[in-house]
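A.B. asks: I'll drop the sequence and a predicted model, then ask my questions.
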Amino acid sequence: MPAFFLTFIAVAAAMLAGRDAVRVARLRAGLGWIGPLLVTVLLAALAGAGLAAWIAQELSPLIRPHVKPLVVGLALALAAGEVLLRSSPATPKEPTRSMGAITLVLLLGMVTDASGFIILSLAIATGEPMLAGAGGALGAIVVLGAAIVAGEDWHALPLKPIRIFVGAALLVTTAVIVFSAL
């Protein structure tokens, strides 16, 4: 179960500091939808976390055990860079009303942003890709669901300090993992 809880906490923190929460909060504020956005978040989180866990399951046997901590460190460093360097997306002038487009954007974000790297790295490190994927999906659903419910109020959160804190925590974790592996 450590794979589930570690991934849940790490993905929830990265999502809280990331771009997707801002994106869905803006969509909720602009479109007024709650139910359809929640379904979209659920589908995208499950599919994205499942894909990251599947990739980890396929890659894990190819990586030598003594190299796995370095792979985890690299993935967490990439996640930290994404959290620290990429700012929130610009507010769209005309938000899309296509649930398919919204789902695709959230799915791609889930796989290629910090959350995907975290799920991938922790699934490889723990050897439990299904539990890591489930924890990552639940972490994403909780944070993105809260962003949808909050809507425009999501911007009242101190998002920049949260991004700095989460990015720094990911960098410290990266350093600890890499130096303990050497």
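C.D. replies: All right, it came through fine.
A.B. asks: list the contacts of the helix or strand bottoming out on mean pLDDT in the chain.
C.D. replies: None of the helices or strands of the chain scores lower by mean pLDDT, DSSP states H and E than helix 99-112, at a mean of 81. Contacts of helix 99-112 with the rest of the structure, by CB atoms under 8 Å, 6 or more residues apart in numbering, involve 18-20, 23-24, 27, 36-37, 40-41, 43-45, 47-49, 51-52, 96, 115-116, 140, 144. (Each C-beta comes from the backbone N, C-alpha and C, glycine too.)
A.B. asks: A181 and V111: what is the separation?
C.D. replies: Distance, A181 to V111, by CB to CB, to the nearest Å: 26 Å.
A.B. asks: again, but for T126
C.D. replies: T126 is 19 Å from V111, by CB to CB.
A.B. asks: give the next helix or strand downstream of the least confident helix or strand of the chain.
C.D. replies: helix 114-126 (DSSP states H and E).
A.B. asks: check which helices and strands that next one sits against.
C.D. replies: In terms of contacts (3 or more CB pairs under 8 Å, 6 or more residues apart in numbering; DSSP states H and E), helix 114-126 is packed against helix 2-17, helix 35-59, helix 68-85, helix 129-150.
A.B. asks: now the angle from the third one to helix 99-112?
C.D. replies: Going back to what we said before, that points to helix 68-85. For helix 68-85 against helix 99-112, the angle by axes from the mean of the first three to the mean of the last three CA atoms, to 10 degrees is 130 degrees.
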